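Next input, structure requested:
(chains A and B)
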Amino acid sequence: MNKIILAVVITTLAACGGSKEEKTPESGTESLSGNISIDGSSTVYPISEAVAEEFRKEAPSVKVTVGLSGTGGGFKKFSRGEIDINDASRTIKEEEMALCKEHNIDYIELEVGYDGLVVVVHPQNNWVNEITVAELKKIWEPEAQGKIKYWNQIRPEWPKEEIHLYGAGVESGTYDYFTEAIVGKSHSSRGDYTGSEDDNVLVQGVSGDKNSLGFFGLAYFEENKAKLKAVAVDDQNDANGKGGILPSVETVLNKSYAPLSRPLFIYVNSKAVQRPEVIRFVDFYLASAPELTKAVGFVPLRPEEYKAQQDKFAQYHSSKK
Amino acid sequence: MNRIQTNRIKDKAFQYFGVFCTFFGLAMLAVFVLDVLRKGIHRIDWDFISNLPSRFPEKAGIFTALMGTCWILILTAIIAIPIGVAAGIYLEEYGKRNRFAAILEINITNLAGIPSIIYGLLGLEIFVRIAGLGQSVLAGALTLSLLVLPIIIVSTRESIRAVPRSLREASLALGASKWQTIWNQVLPAGGGGILTGVILALSRAVGEAAPLIVVGALAYVPFAPSTPLDEFSVLPIQIYNWVSRPQQGFVTNSAAAIIILLIVTFLMNGIAIYFRSRWQKKVKW
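Numbers count the residues shown, from 1 in each chain, chains lettered A, B, ... in the order given. I've put the predicted structure just below:
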């Protein structure tokens, strides 16, 4: 019953709202109403939550809800048309694209910010200051399981101490991204490490173990700087900065912190962009993202990149009218 | 040393072992509760209870999650108690003791041991998609009802099985029908035990996050549900969300939300114990 009323409200709004919206884009927000449902990545969740919170002041009668069923779980719902927007910490996979096609779901992919993955060790670890991607691969690839057990197996001058590994759990988009960037194949790594979906658990693990090496999101490092030591990562490609590069807002932004900085996305359903409140919300998302991504611990895109995303979206939703 | 003495020593040893086991569990609980209280108690005030979720940990509140939890609790109780108790009565009083009953019994016990996320997947397919309820409180409550039904059924059976046979026979001898006997004698006599089972079941439902995440409970909902078909969030999901955030403020919030969740559970248990003791005073054999 509720659904029917909602559908009627939305269609009437979509029918009469479009032209009004164009004339007075700013003052039109007051009269917007309807529901916008967002789900997906728990990494992107804080950004969407912040935007939804701010949007409440902008358009109080639009009900925006945000879930956190994970990038993959979100895409499953997205491909059935059950949600309007999916938060994603990686790009859509082929099989997810196929599912969308099957259900006649068309969509647009928009970048909303960056996240850096930090390689960390215990603060008393005085031998590792920088590490190459090849060395990280040697540590994390599936063949290393049970073999690479001591620091000196990675570099002979490092001590013959055990190495203890901590990393994102295999269900997370973070794990997919890290293995793709380091091992070269998504979702493939050694299994004998301590994994957790909760980065705070990894922070605890690395900070309490002198022989530890781990990786997690930049925001978690920034909040726990005193207990951890970041390792500079060298991708041995001098084109984007020479030698080991430490993660920071600047190095993630200018892309010299490669390959461990990743873009974060939202995917918007094409049917949803026919509704004025969704158009307004996504515009608002991209306009407030520079400030809000920073506020919740991520790295914003550059202004011209946001402009490009805004233009891409404007073109997309006007083509769907 | 003779055999009597060794047996006495064994006896004492087992007694101490039992005491140790009892206090081990309690001590763990105490450590956990104290830790949570230390971290979260200062965060609890009226604003925390009445505010909407927010990106600022000090402004964030649990209002919508608490309301969602109340809705889930009430709806689950309305759905699961009648079905569970009725199923228990059927199996114990009417059902025949045959092979089919034995298979049914084993399956119900097995259901109690299935991981809760599986119920979430089932609920997503049946209630959210096939029944078309969407990601609503009702779909969540139906899923949790499935989850707790085995607990209610098993405890109903146990407690009405404990009602003395003589009581039933006396009632039947006085000319009461089978249904009158069950309604007027067996159920009141077994009521205390049934209530305990119901409370255990509902306490479990209140603490579940995994199946509800699958069914589609959300983390950021800026409104409390006003009908059973509205979207919702619950306290365990809010706790799960906050505890994994980088900012220390959110971790404090999750401790505070855990305290609220504990209070809800304790209150429920308290009410149940109160009713049970009143009930037991009334029943005189």
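
what does chain B put close to chain A?
B:52-55, B:132, B:134-135, B:213-214, B:216-223, B:227, B:229-231, B:237, B:241, B:243-248, B:251 (C-beta under 8 Å from any C-beta of the partner chain). Using the backbone N, CA and C atoms, a C-beta is placed for each residue, glycine as well.

What is whichever strand or helix holds B:A80 packed up against?
B:A80 is part of helix B:63-89 when elements are defined by DSSP states H and E. The criterion is 3 or more C-beta pairs under 8 Å, 6 or more residues apart in numbering or on different chains; DSSP states H and E, and the helices and strands that helix B:63-89 contacts are helix B:46-50, helix B:137-161, helix B:187-207, helix B:235-243, helix B:248-282.

Next, the buried residues of the second one.
So that's helix B:137-161. Applying a neighbour-count criterion of 16 or more other C-beta atoms under 10 Å in any protein chain shown, the buried positions in helix B:137-161 are B:137-160.

So what's the model's average confidence on the helix or strand just after it?
Counting by DSSP H and E, the element after helix B:137-161 in chain order, helix or strand, is helix B:165-173. The average pLDDT for helix B:165-173 rounds to 92.

all strands for chain A, in order.
For chain A, strands defined by DSSP state E occupy the ranges A:34-40, A:62-66, A:85-88, A:107-121, A:130-132, A:164-168, A:194-196, A:212-217, A:229-230, A:232-234, A:261-269.

From the residues of chain B next to chain A, keep the buried residues only.
Of all these considered here, the ones buried according to neighbour count by 16+ other C-beta under 10 Å are B:52-55, B:134-135, B:213-214, B:216-222, B:229-231, B:237, B:241, B:243-247, B:251.

Residue 277: neighbour count?
Picked chain A for this. Under the neighbour criterion other C-beta atoms under 10 Å in any protein chain shown, A:E277 is assigned a count of 27.

wait, I meant chain B there
Tallying neighbours of B:S277 according to other C-beta under 10 Å, which is how burial is gauged here, yields 10.

what's the angle from the helix ranked longest in chain B to helix B:248-282?
Longest helix in chain B, counting residues (DSSP state H): helix B:3-40. Interaxial angle, helix B:3-40 versus helix B:248-282 (axes from the mean of the first three to the mean of the last three C-alpha atoms, to 10 degrees): 130 degrees.

In helix B:3-40, which residues are buried?
Neighbour-count burial for helix B:3-40, with 16+ other C-beta under 10 Å as criterion, is recorded at B:36-37, B:39-40.

Stretch A:170-178 too?
Counting neighbours by 16+ other C-beta under 10 Å, the buried set in stretch A:170-178 is A:172-178.

One more: stretch A:246-264?
Within stretch A:246-264, the residues that qualify as buried by neighbour count (16+ other C-beta under 10 Å) are A:246-249, A:251-253, A:256-264.

ok, residues contacting stretch A:306-320?
Contacts with stretch A:306-320, where a contact means C-beta atoms under 8 Å, 6 or more residues apart in numbering or on different chains, come from A:108, A:110-112, A:268, A:270, A:273-274, A:279, A:282-283, A:286-287, A:289-290, A:300-301.

Among those residues, name the buried ones.
Burial by neighbour count, 16+ other C-beta under 10 Å: within these this picks out A:108, A:110-112, A:268, A:270, A:273-274, A:279, A:282-283, A:286, A:289-290, A:300-301.

what's the most distant pair in these?
In these, two members sit farther apart than any others by C-beta to C-beta. They are A:Q274 and A:P300, at 28.4 Å.

neighbours of B:H42, just the number please.
A count of neighbours around B:H42, defined by other C-beta under 10 Å, yields 11.

Leaving out chain neighbours, which residue sits closest to residue 68?
No chain was given, so I picked chain A. In space, A:L68 comes closest to A:S42 once its chain neighbours are excluded; the distance is 4.2 Å by C-beta to C-beta, 6 or more residues apart in numbering or on different chains.

sorry, should have said chain B
With C-beta to C-beta, 6+ apart, the residue lying closest to B:G68 is B:F232, at 3.8 Å.

Fine by me, we can end here.
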